[in-house]
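A.B. asks: Mind looking at a prediction? Sequence and model below.
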Amino acid sequence: MRATIYISIIIFCLQACREKKETLKETHKTVTTDTAKINGVLLELIDDNGVGKLKAISGKYRLSGSVKIKSPCYFLRNKGKVMSYAYPQFNVQETIVILGDTKKESLNKIFGTEIQGILFKNDSIKIVGTLKNYSPINLEAGVDEKDYWGFASGTYKN
């Protein structure tokens, strides 16, 4: 009789653990928030359950660094085109900026208060620097070129 009770308790506990694992798997969400093709590389920004990630889908570049701004994240654009600047004096072929801690306003315009730089240098893509608590930035209006320079030069560090 005691053995039956112990076995029943163990089976009950195992079943409860299994149900909890299944619930956790169902709530894990990965969503692509933005994509861009820069220097022949398809870049994908991902919201992985509230954590921003950058993925290089194609190309010869190695990816280093991590997204440190709040997700969802988007590439800054101007008239629908991802903005980028080259800085040969810093050996940077392309500098792009991502916008984080974003919210949609009533007219579906996206604004955010955090930015982070992405540099294309030689054979690597480096995620660098962050600026947080910035005044609201419109995804389509972007930021001044001085911020791109700040990321490329290393002035804006993590």
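C.D. replies: Thanks, I have it.
A.B. asks: so which helix or strand takes in the spatially most central residue of the chain?
C.D. replies: Compute the mean C-alpha point of the chain, and by Cα atoms, centre = their mean the closest residue is Gly52, 3.2 Å away. Secondary structure from DSSP states H and E places Gly52 in strand 51-56.
A.B. asks: Buried ones in the next helix or strand after that strand, by neighbour count?
C.D. replies: The helix or strand immediately downstream of strand 51-56 is strand 62-64, counting by DSSP H and E. Within strand 62-64, the residues that qualify as buried are Leu63, counting by 16 or more other Cβ atoms under 10 Å. From N, CA and C alone the C-beta is placed, and that goes for glycine too.
A.B. asks: Now the residue nearest to Ile57 when sequence neighbours are not counted: which helix or strand?
C.D. replies: Here the nearest residue to Ile57 in space, its sequence neighbours aside, is Leu42; by Cβ to Cβ, 6 or more residues apart in numbering that works out to 3.9 Å. With elements delineated by DSSP H and E, Leu42 resides in strand 41-48, which encompasses its position.
A.B. asks: Can you list the low-confidence ranges for the protein?
C.D. replies: When the per-residue scores of the chain are filtered using pLDDT under 70, the ranges that remain are 1-14, 16-28, 158.
A.B. asks: show me where it has helices.
C.D. replies: Per DSSP state H, the chain has helices spanning 2-27, 145-153. These are given in chain order.
A.B. asks: picking up where we left off before, packing partners of the strand holding Leu42?
C.D. replies: The elements that strand 41-48 packs onto, with contact taken as 3 or more Cβ pairs under 8 Å, 6 or more residues apart in numbering; DSSP states H and E, are strand 30-38, strand 51-56, strand 74-75.
A.B. asks: quick one, what contacts Ala36?
C.D. replies: Listed by Cβ atoms under 8 Å, 6 or more residues apart in numbering, the contact set of Ala36 reads 42-43, 75, 82, 96.
A.B. asks: Now do Gly142 against Asn78, distance only.
C.D. replies: Here the distance between Gly142 and Asn78 works out to 6 Å (Cβ to Cβ, to the nearest Å).
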